[in-house]
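Chemist: A structural model of the following input is requested.
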Amino acid sequence: MILVAVATYNEIENLPTLVEGIFALLPDCHLLVVDDNSPDGTGKWCDDLAERDDRVRCLHRKGKLGLGSATVAGLEYAVQNGYEYVITMDADLSHPPRYLPSLVQSMSPNDGGEPVSVAIGSRYVPGGGVEGWPLNRRIMSRALNTYVRWVLRLRTHDNSGAFRCYRCKTLERLDFRQIESRGYSFFEEILYHLKRLGVRFVEIPIIFVDREHGNSKIDRSEAVAALKILTRLALFGPRSTP
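Modeler: Numbers count the residues shown, from 1 in each chain. I've put the predicted structure just below:
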């Protein structure tokens with residue numbers, strides 16, 4: 001069974017279209033919406049849908065606690081409830097649902113090698129790309145991914161994107177208490193921890209489409225904080241847990 005986990009904050013304009021697209025391509029999956037008390041009514045819309053569709057689950061949080069922590073909540077929910085795979089994606093339609101079947105199929109390669117633990121929807125492999133970004137944002141994203149590949153010794157090319165499929169059996173081996181990031185650096189940090197487990201990654205090309213409705217949740221201060229966390233992780237390793 002597959003769980004699609006979507007973190008939301010003020011996504012009432014985008015979520016209905018996204019949900020329709022998800023179920024059109026993965027009709028048997030379950031959907032978990034992790035909502036950070038959106039004032040625009042996103043959470044209520046999700047509750048109303050869940051009453052009509054038993055494939056939908058809603059997790060309500062008390063406030064805007066960060067995309068990273070919302071994603072952790074979705075991953076932990078998938079592990080605790082016995083799903084085989086959990087897919088994470090943005091709620092703003094920047095991750096087109098048409099790529100969902102390819103993500104799932106890539107988890108079971110035909111090359112006879114070890115099973116894939118994480119399939120990444122990648123902007124930065126041949127065939128991938130970005131639509132709608134200004135030049136400065138393209139440069140910033142490329143620079144961040146180049147830096148992260150070097151400092152964390154990752155071989156994957158798109159380490160900051162949220163569009164991924166995880167094998168839940170692999171996630172069971174992670175100690176989520178070691179993950180420091182609560183914001184956008186979560187996506188790089190979890191790859192670092194998974195790499196330490198020696199698991200297999202694959203990247204499939206996607207075209208990332210900039211959001212049409214709502215506002216981006218990231219700002220410069222959060223980007224700086226993310227770089228600090230990732231640099232500290234590279235220098236000193238993961239923090240110890242009780």
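Chemist: Surely L230 is within a helix?
Modeler: Yes - according to DSSP: H, G, I helix; E, B strand; the rest coil, the state of L230 is that of a helix.
Chemist: And it, how close does it get to E189?
Modeler: Computed as Cβ to Cβ, to the nearest Å, the L230 to E189 distance reads 7 Å. All C-beta spots, glycine's among them, are computed from the backbone N, C-alpha and C.
Chemist: can you map out the helices along the protein?
Modeler: Along the chain, the stretches classed as helices by DSSP state H are 15-25, 42-52, 67-80, 100-105, 135-151, 168-171, 186-196, 220-236.
Chemist: can you pull the buried residues of the third one?
Modeler: Read that as helix 67-80. Applying a neighbour-count criterion of 16 or more other Cβ atoms under 10 Å, the buried positions in helix 67-80 are 67-75, 77-79.
Chemist: picking up where we left off before, mind checking the helices of the chain for the one nearest to V33?
Modeler: Closest to V33 of these, according to Cβ to Cβ: helix 42-52, at 4.5 Å.
Chemist: which residues are contacting that closest one?
Modeler: 8-12, 15-16, 19, 33, 35, 37, 56-58, 60 (Cβ atoms under 8 Å, 6 or more residues apart in numbering).
Chemist: How about stretch 193-202?
Modeler: 106, 109, 113-120, 152-156, 170, 173-174, 178-179, 191, 238.
Chemist: So how do I select the buried members of the residues you listed in ChimeraX?
Modeler: In ChimeraX, this line selects whichever of these come out buried by 16+ other Cβ under 10 Å:
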select :106,116,117,118,119,120,152,154,156,170,174,179,191
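Chemist: Which members of the contacts of stretch 193-202 occur in strands, if any?
Modeler: Using DSSP state E, 116-120 are the members of the contacts of stretch 193-202 that sit in strands.
Chemist: okay, the angle between the helix or strand bottoming out on mean pLDDT in the chain and helix 186-196?
Modeler: When the helices and strands of the chain are scored by mean pLDDT, DSSP states H and E, helix 220-236 comes last with a mean of 75. Interaxial angle, helix 220-236 versus helix 186-196 (axes from the mean of the first three to the mean of the last three Cα atoms, to 10 degrees): 20 degrees.
Chemist: can you pull the alpha-carbon coordinates of helix 220-236 into PDB?
Modeler: What follows is helix 220-236, C-alpha atoms only, in PDB (Å, rounded to 0.1, in the frame of the first residue of the first chain):
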ATOM      1  CA  ARG A 220      16.500  34.200   2.700                       C
ATOM      2  CA  SER A 221      16.800  33.800   6.500                       C
ATOM      3  CA  GLU A 222      15.600  30.200   6.300                       C
ATOM      4  CA  ALA A 223      18.000  29.500   3.500                       C
ATOM      5  CA  VAL A 224      20.900  30.800   5.600                       C
ATOM      6  CA  ALA A 225      19.800  28.700   8.600                       C
ATOM      7  CA  ALA A 226      19.600  25.600   6.400                       C
ATOM      8  CA  LEU A 227      23.200  26.200   5.200                       C
ATOM      9  CA  LYS A 228      24.400  26.500   8.800                       C
ATOM     10  CA  ILE A 229      22.700  23.200   9.800                       C
ATOM     11  CA  LEU A 230      24.100  21.300   6.900                       C
ATOM     12  CA  THR A 231      27.600  22.700   7.300                       C
ATOM     13  CA  ARG A 232      27.600  21.700  11.000                       C
ATOM     14  CA  LEU A 233      26.300  18.300  10.100                       C
ATOM     15  CA  ALA A 234      29.200  17.800   7.700                       C
ATOM     16  CA  LEU A 235      31.800  19.000  10.200                       C
ATOM     17  CA  PHE A 236      30.600  17.300  13.300                       C
END
